[in-house]
Each structure stands twice: as C-alpha cells, then as structure tokens.
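A.B. asks: sharing a model prediction with you, sequence too.
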Amino acid sequence: MTPIEIALQEFFDAVHTAGTADEFERVATRLTRRLGFQRFAYLRLAGEKPILISYYPKPWTSRYFNLGYQQVDPVVHRARLENAMFSWGGAGSSRVGNREQRRFFEEATTFGIRSGLTVPIKCGFGQMAAFTFATSEREHRPETLTTELKDVVQLAGLYFHTHVAVRLDRPPAAQPSASELTQRERQCLAWTAQGKTVADIAILVEIAPRTVVFHLQNARRKLGAASIAQCVAEALRRGLLS
C-alpha cells in the first residue's frame, strides 16, 4: 500500500469508531496533516443551526457564525451549486465575487486560510454539507494533485459526512453508551472482533503492542467483562463497534 492508501485506511478505521464531535475532529486532523494540508472543516447547513466540525482557528469560526458568514462565503455558495470537488482561493480570489465576498476572502487569509479543496455534499430537502482541506499557501492547484490524492479527498469527505450524520444526528436516548469507551479502546476492540492479534493491531493503529493491551484491558474493565472475547461480545451487543 502507498503512504496515501495507508493514511486513508487508518482514517476509515478511526472514523468508524468515533463517537463524538471531538473524536471526529481529531481523526480528520490526523488525515489533514498526513495529506500535506494544514486545516480541515466540515460544515453542514441543515435547519436553523449550522453544524461545524473543524480544525480552523477558533477565533475565526466564532467570527464566521457571529457575522453570518455562511450566507456570504463563496465556497459555500459554490458547494450548493456543484457536485464535483473544486479548488478555491489563491491570487484569483481577490477578483472573485462582489465586494463583500472579496473582503471575506481577505479576512480569512489573516487566519491562515488562503486556499483549499472542497467536496460538496448534497443532503436532500435543500440541505447541504461541505468537507474542506485548507492551507495557508497562496494557491492549491487541483491539476498538480495525483489522481490518487484527488480520490482520497473525495472519499474522505463523503465517508466523514456519512458517519457524522449517523453518529451525531441520533437523539440522545437512542445513542449507545459510547462514552464508556475511548475511541482508541473501541478501535482496538473493533480490530479484535475482526480476528486481528495484538501485534497486528499495533501495526494497523500505529501504536506499541503494550499500548494495545492497555486499551483492551481498560475496555474489559469498563464493560465488566471477564475476558477480551466477552468484552468484544458486550461491545457488539451495545452497538459500540457498529
């Protein structure tokens, strides 16, 4: 497997076991760095309250919503209209859109957000989402990206959106007690359920074998199981690994 393929597989595994917005943020941030970007943002406009999971600077995201920039943001406007991944920003952004939109881009650059790639996601009933990898570089040209990397960005955005919608949209009463286990504990259990050994999991998750054992034993104690096999069965019964 290539380094990009390895990074994507680790991302899939980690997203599958993420249960909170903070965990989803950490998972996407790791992939962001491994692909050579600096920031990521997942924005979903559904109903009155936008949903944002991102590694953008907090002062910028607070300002973004306080000033209603989701109504101005040219990237959001474009994501509403297009279906394919697109690039934005760079030198050309200073000449795009009306004065308010150009000012928006100028302000974003002061927070280190100059250019990026965005995956538009149509959610139905007029709702939409967008998954973005961003950088402080002046321009990120899609034609310079390998086909492999383009596919990774597209897959990552769609996969992330699907799992966020499934995990975070459920009513609190319907949510399994995912807080009982950390994401890493669920990840190690999920691989154990697939028949992987401690040595296998250490390689797949990129941690030491003793750390794998530590997470498995913690999970066993939390779920009150007498063995790791019983722990896996209990986690599956509760829906913690689904």
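C.D. replies: That came through fine.

A.B. asks: from now on I want contacts and neighbour counts done on CA atoms only, so please keep to that.
C.D. replies: Fine.

A.B. asks: surely L241 touches G19?
C.D. replies: No: taking Cα atoms under 8 Å as the definition, L241 is not a contact partner of G19, at 9.9 Å.

A.B. asks: which one of these two is surrounded by more residues?
C.D. replies: Per other Cα atoms under 10 Å, whichever of L241 and G19 has more neighbours is G19, with 26 against 23.

A.B. asks: how about the more buried one, secondary structure?
C.D. replies: coil (DSSP: H, G, I helix; E, B strand; the rest coil).

A.B. asks: G97 now?
C.D. replies: Relying on three-state DSSP, one would call G97 coil.

A.B. asks: quick one: neighbours of it, just the number.
C.D. replies: 13.

A.B. asks: same check on the one 5 residues further on?
C.D. replies: Residues within reach of R102, counting by other Cα under 10 Å, total 18.

A.B. asks: what of R30?
C.D. replies: The number of residues near R30, taken as other Cα under 10 Å, comes to 15.

A.B. asks: what about it, distance to R39?
C.D. replies: 10 Å (Cα to Cα, to the nearest Å).

A.B. asks: residue contacts, the residue sitting nearest the centre point of the chain?
C.D. replies: Nearest to the mean C-alpha position of the chain, by Cα atoms, centre = their mean, lies A28 at 3.6 Å. Residues counted as contacts of A28 (Cα atoms under 8 Å, 6 or more residues apart in numbering) are 11, 40.

A.B. asks: begin at 49, not 1, for the rest of this chat.
C.D. replies: Renumbered: residue one is now 49, and that last one reads A76.

A.B. asks: does it count as helix, strand or coil?
C.D. replies: Strictly by three-state DSSP, A76 counts as helix.

A.B. asks: domains of this protein?
C.D. replies: What automatic domain parsing lists as the domains of the chain is 51-222, 226-285.

A.B. asks: contacting residues for L56?
C.D. replies: For L56, the contact set (Cα under 8 Å, 6+ apart) comprises 79, 200, 204.
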